[in-house]
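Asks: sequence plus the predicted model coming up.
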Amino acid sequence: DTGVSQDPRHKITKRGQNVTFRCDPISEHNRLYWYRQTLGQGPEFLTYFQNEAQLEKSRLLSDRFSAERPKGSFSTLEIQRTEQGDSAMYLCASSPPISDRRDSPLHFGNGTRLTVT
Amino acid sequence: AQSVAQPEDQVNVAEGNPLTVKCTYSVSGNPYLFWYVQYPNRGLQFLLKYITGDNLVKGSYGFEAEFNKSQTSFHLKKPSALVSDSALYFCAVSTDQTGANNLFFGTGTRLTVIP
């Protein structure tokens, strides 16, 4: 399977704990995106990387959230001091270079579902 | 500012009947419009997009969508629904022609196709 891979699929944590999610994009894709999806809502943009550079962050990304893509390949999203309101599906997507985006601009992974108790 | 409205949370249709999932949008400048589908516990899959040109856009799995500038709509359609089409459908608008950046999603419409 050469799609976008996310790990873990599910994470249950207690309020106040830190959690980290991993995303492995499609190998030739230079852009990587993080979205958050809560129940009954569409995905909301959090941040994106072009190669290793984090180019944009949403206002939704509070100081407790940090994302990295150290070598321009996989990415991690860490949430510190989790709150119940952080419970959501965290989706990763990758996008190929501009010249290859005709057919499908974003390729999504299956997400990590976070439950904060 | 950009926004997308999907006025129906739920659409039910009998197998074999035509289906329509509605979407209206608001954007400053040229609209670039997209439809994605989400199956349970899965990520989103791209169906189709409108960038420019013909108002009727054909996409994956027999779906099509019609861009209507005067009504600011981009309704998703299929002539004959399949049970396997049952899923959550998201309309999205972007100010980026590639559809990778500045993508704003609607709240989704759950389609149920009844055998």
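Replies: Done, it's in. Numbering: from 1, shown residues only, chains lettered A, B, ... in the order given.
Asks: can you tell me the centre-most residue of chain B?
Replies: What sits nearest the mean C-alpha location of chain B, by C-alpha atoms, centre = their mean, is B:W35, with 3.5 Å.
Asks: so that residue is in which element?
Replies: Using DSSP states H and E, B:W35 maps to strand B:32-38.
Asks: kindly report the residues of chain A close to chain B.
Replies: Contact residues, chain A versus chain B (C-beta under 8 Å from any C-beta of the partner chain): A:4, A:9, A:31, A:33, A:40-45, A:48, A:56, A:91, A:93, A:95, A:98, A:101, A:103-111, A:113. Any C-beta I mention is one placed from the backbone N, CA and C, and that applies to glycine too.
Asks: show me which of these are buried.
Replies: A:4, A:31, A:33, A:42-45, A:48, A:91, A:93, A:95, A:101, A:104-111, A:113 (16 or more other C-beta atoms under 10 Å in any protein chain shown).
Asks: circling back to that earlier point, which of the residues of chain A next to chain B fall within strands?
Replies: When these are checked against strands (DSSP state E), the matches are A:R31, A:Y33, A:E44, A:F45, A:Y48, A:E56, A:L91, A:A93, A:S95, A:H107, A:F108, A:R113.
Asks: just give me the closest of these to chain B.
Replies: For those, the residue nearest chain B by C-beta to the nearest C-beta is A:F108; the value is 3.3 Å.
Asks: give the contact list for that closest one.
Replies: A:V4, A:L91, A:C92, A:A93, B:Y36, B:G43, B:L44, B:Q45 (C-beta atoms under 8 Å, 6 or more residues apart in numbering or on different chains).
Asks: run through the bridge partners of the residue nearest to the fifth one when sequence neighbours are not counted.
Replies: Think B:Y36. Closest residue in space to B:Y36, ignoring its immediate chain neighbours: B:L44 at 4.1 Å, by C-beta to C-beta, 6 or more residues apart in numbering or on different chains. Counting by DSSP bridges, B:L44 forms beta bridges with B:Q38.
Asks: wait, B:L44 touches A:G42, no?
Replies: No - at 9.2 Å, B:L44 does not count as touching A:G42 under the criterion of C-beta atoms under 8 Å.
Asks: which residues do these two both contact?
Replies: B:F90.
Asks: spatially nearest residue to A:R22, not counting backbone neighbours?
Replies: A:D7 (4.8 Å).
Asks: any idea how far that neighbour lies from A:A53?
Replies: A:D7 sits 23 Å away from A:A53, going by C-beta to C-beta, to the nearest Å.
Asks: next one: A:W34
Replies: A:W34 is 14 Å from A:A53, by C-beta to C-beta.
Asks: so between those two, which is more surrounded?
Replies: A:W34 (26 against 9; other C-beta atoms under 10 Å in any protein chain shown).
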